[in-house]
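S.K.: Here's a sequence, model it:
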Amino acid sequence: MIRLVKQVNIWTKHLDLLKNDRIRLLFPRIICSIMPMIELYSDEYFMKKAFEQAQIAADAGEVPVGAIMVCNKQIIAKSHNQTELLNDVTAHAEMLAVTSAANYLGTKYLQQCELFVTLEPCPMCAGALKWAQLGRLVYGAEDNKQGFMQYGKELLHPQTKMAYGLLHDDCSLIIKEFFQKKRTLSR
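M.R.: As a prediction, the model looks like this:
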């Protein structure tokens with residue numbers, strides 16, 4: 001194991017090697033935990049990336065929710081709602097981000113990860129985040145009708161840290177505009 005860690009440490013000195021799919025597939029957990037940070041990114045930066053995913057969803061006629069999964073300040077998964085495209089009521093941005101991140105890391109537990117999502121997760125997604133033991137959840141707009149906080153933070157894993165309200169106005173506006181447009185078209 002020591003030889004393996006020394007070898008991986010040598011690889012981390014060469015970022016271009018870490019972009020190699022074969023190396024990432026062989027050592028995903030180790031690389032995620034030791035990958036050097038080229039530039040430090042803020043929560044606002046990651047929420048803006050999630051908002052970009054929400055815009056992609058809106059353009060595709062999906063409810064505009066976007067999510068970004070981050071591990072050690074590196075984006076490891078991006079997603080947006082795809083319930084219409086996949087004809088799957090569980091294809092929420094958060095669920096797709098959890099699945100993608102778990103596959104990337106090769107583990108079902110995401111204790112070192114942060115999820116940035118534009119809308120407060122529903123109880124189904126909060127349950128998935130609990131089972132994944134997510135390290136931190138950051139969401140933009142609250143969802144007073146379908147959000148998990150109606151039932152309390154207890155739906156998340158006890159170790160999950162939480163922040164909310166980041167880019168609240170933008171995240172709320174894209175949802176409101178989407179549903180106003182839908183109501184206008186249905187008349």
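S.K.: mind listing the helices in this protein by residue range?
M.R.: For the chain, the helices defined by DSSP state H cover 2-12, 15-18, 21-26, 28-34, 43-59, 83-86, 93-105, 123-131, 168-186.
S.K.: now the fifth one against helix 168-186, angle please.
M.R.: Helix 43-59 and helix 168-186 meet at an angle of 10 degrees, taking axes from the mean of the first three to the mean of the last three CA atoms, to 10 degrees as the criterion.
S.K.: Give me the buried positions along helix 43-59.
M.R.: 46-51, 53-54, 56-58 (16 or more other CB atoms under 10 Å). Heads up, the C-betas are built off the backbone N, CA and C, glycines and all.
S.K.: now do the last one
M.R.: Buried residues in helix 168-186, counting neighbours by 16+ other CB under 10 Å, are found at 171-172, 174-175, 178.
S.K.: If we only consider the residues you listed, which is nearest to Pro121?
M.R.: The closest of the buried residues of helix 168-186 to Pro121 turns out to be Cys171 (CB to CB; 12.8 Å).
S.K.: was I right about the closest one contacting Ala54?
M.R.: Yes: with contact defined as CB atoms under 8 Å, Cys171 reaches Ala54; the gap is 7.3 Å.
S.K.: Can you tell me which of the buried residues of helix 43-59 is nearest Glu84?
M.R.: Set against Glu84, the nearest of the buried residues of helix 43-59 by CB to CB is Ala57 (9.3 Å).
S.K.: Show the contacting residues for that closest one.
M.R.: Ala57 makes contacts with 63-66, 80-82, 93, as judged by CB atoms under 8 Å, 6 or more residues apart in numbering.
S.K.: how about CSV for those residues, with neighbour count added?
M.R.: Formatted as CSV, the contacts of Ala57 follow (neighbours: other CB atoms under 10 Å):
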residue, neighbour count
Val63, 20
Pro64, 27
Val65, 32
Gly66, 31
His80, 27
Asn81, 27
Gln82, 19
Ala93, 30
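S.K.: do you know how far the nearest residue to Phe148 once chain neighbours are set aside is from Tyr151?
M.R.: Spatial nearest neighbour of Phe148, excluding adjacent residues (CB to CB, 6 or more residues apart in numbering): Ala126 at 3.7 Å. Relative to Tyr151, Ala126 is positioned 8 Å away (CB to CB, to the nearest Å).
S.K.: more neighbours, these two?
M.R.: Higher neighbour count among Ala126 and Tyr151: Ala126, with 24 against 10, using other CB atoms under 10 Å.
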